[in-house]
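Student: give me a model of this one.
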Amino acid sequence: MLLTQRSGVESFVQFMTVLILFCIVLGITYATTRYVAGFQKAKQEGGNITVLETYRIAPNKYIQIIKLGEKYVAVAICKDTMTKLAELSREELTFPGAAENGIPSFIEVLEKAKWIKQKK
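Tutor: Numbers count the residues shown, from 1 in each chain. Take a look at the predicted model:
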C-alpha cells in the first residue's frame, strides 16, 4: 500500500536513487545538447553567409544586414516573407568597435561594463 510507513533509511535510499537517476538523465541531456549544437555549428561554419546586424521594427518584423560572400545586403524579414531592400557597400556600413561579424570583443564588453558601474 502506498500509505505504509517506511523507515528513515529506506526513505533516504529511495531519495538518493531518485537523485542519482536525475543526475544521469541531466548529464545525458547536456551531452546530447552539446553534440547537436556542435554539429549545427560545424554545418554553418565555413559558409559565405553572415548576419551582421538585426533591428526589430515590430513583432515578427525585422531589418537585417547580411554579408553574402563579399556583398552586403539589407533585407526586410516578416513572418512569411523576406524582401531585399538594398545592396550596400562596405564603406556605407559602420562597425563601431566590433569585429566584422558584429560581435564585440570581450575587452570591449568589459570596458563598457566598467563604465556603467562607474557611472552609477
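Student: just checking: what are the partner strands of the longest strand seen in the chain?
Tutor: Identified as the longest strand of the chain according to DSSP state E is strand 49-58. Here strand 49-58 is paired, per DSSP bridges, with strand 61-68 (antiparallel).
Student: what's the strand it pairs with in contact with?
Tutor: Contact with strand 61-68 is made by 48-57, 72-79, 85, 88, 93, 100, as judged by CB atoms under 8 Å, 6 or more residues apart in numbering. To be clear about C-beta, it is placed using only N, CA and C from the backbone, and glycine gets the same treatment.
Student: buried residues, it. List them.
Tutor: Q64, I65, I66, K67 (16 or more other CB atoms under 10 Å).
Student: before we move on, what about stretch 49-62?
Tutor: By neighbour count on 16+ other CB under 10 Å, the buried set for stretch 49-62 is L52.
Student: how far does that stretch sit from the chain's center?
Tutor: Centroid displacement of stretch 49-62 relative to its chain, using CA atoms, centre = their mean, to the nearest Å, is 15 Å.
Student: I'd like the C-alpha coordinates of it written as PDB, please.
Tutor: Taking Å, rounded to 0.1, in the frame of the first residue of the first chain, the C-alpha atoms of stretch 49-62 are listed here in PDB:
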ATOM      1  CA  ILE A  49      26.500  34.000 -45.300                       C
ATOM      2  CA  THR A  50      26.800  36.000 -42.100                       C
ATOM      3  CA  VAL A  51      24.100  38.100 -40.400                       C
ATOM      4  CA  LEU A  52      25.900  41.300 -39.300                       C
ATOM      5  CA  GLU A  53      23.100  43.200 -37.600                       C
ATOM      6  CA  THR A  54      19.400  42.800 -36.800                       C
ATOM      7  CA  TYR A  55      17.000  45.500 -35.900                       C
ATOM      8  CA  ARG A  56      13.400  44.800 -34.700                       C
ATOM      9  CA  ILE A  57      10.800  47.100 -36.200                       C
ATOM     10  CA  ALA A  58       7.700  45.300 -34.800                       C
ATOM     11  CA  PRO A  59       6.800  41.900 -33.600                       C
ATOM     12  CA  ASN A  60       7.800  39.400 -36.300                       C
ATOM     13  CA  LYS A  61       9.300  42.200 -38.500                       C
ATOM     14  CA  TYR A  62      13.000  42.800 -38.700                       C
END
